[in-house]
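Visitor: can't give you the sequence, but here's the structure:
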Ligand code: DX5
Ligand code: ZN
């Protein structure tokens, strides 16, 4: 079957203690950390950028084994591929709405040694991704409007997940926005196997248990 991948979004971390927050996530058996990069242009918010990515990669204990899932909510995503690769990104997720030439961008990302993924905003249909989906390592179906953590999961996005899963039994399909123990089952049943969770993981009383709950939902 598909590998369940739990990717907490560090947008909900305590930035004053970011290093220890990230270390704890991996102690609690997360698979990836999801790093939300926003440029105040593609989305109406500015989050974290390359100095933070670079420091996470170079300053953390056990730094080399951590997988950095970079969700690039930026205009002109071609511009940052080399930088993210240099600073230790493992996967580069661009938004389909942000590029004129997604196929070439996928090639560029692969040429820089990263996994390539394509994200779809809630209003973007899957048809636009089908012509190059076989080149992708992952598709991200957004379950909120990108830009902010703490929003409500949009269950109507599950029809996109279901169609993609039918077409691509082995593709990693990620969902992002409003995921937690109450919503993960719906997403997993639709076929998502990569779960991003910000608020639910960082507000959890028992973070390890919450991560385990998310994983169990995908495995079943
Ligand atoms: C939203 C980001 C998400 C967000 C998820 O633009 O892409 O990754 O941080 O946060 P929650 O899980 O709180 O919805
Ligand atoms: Zn994200």
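Guide: Everything's here; your move. Since the model is a prediction, treat every value here as computed from it, not as a measurement. Ligands and ions are numbered 1, 2, ... in the order given.

Visitor: neighbouring contacts of the worst-scoring helix or strand of the chain on mean pLDDT?
Guide: Ranked by mean pLDDT, DSSP states H and E, the helix or strand of the chain with the weakest confidence is helix 50-59, at a mean of 93. Here helix 50-59 makes contact (C-beta atoms under 8 Å, 6 or more residues apart in numbering) with 18-19, 22, 33, 35, 37, 63, 66, 68, 70, 80, 83-84, 87-89. C-betas here are computed from N, CA, C, even on glycine.

Visitor: how far off helix 50-59 does whatever helix or strand comes next after it point, in degrees?
Guide: Using DSSP states H and E, the next helix or strand after helix 50-59 towards the C-terminus is strand 67-73. Angle, strand 67-73 to helix 50-59, by axes from the mean of the first three to the mean of the last three C-alpha atoms, to 10 degrees: 180 degrees.

Visitor: Just name whatever secondary elements the helix or strand hosting residue 185 is in contact with.
Guide: Assigned by DSSP H and E, residue 185 falls within helix 184-190. In this structure, helix 184-190 makes packing contacts with helix 158-167, strand 194-197, helix 207-219, judged by 3 or more C-beta pairs under 8 Å, 6 or more residues apart in numbering; DSSP states H and E.

Visitor: which one of the contacts of helix 50-59 is nearest residue 145?
Guide: residue 37 (16.4 Å; C-beta to C-beta).
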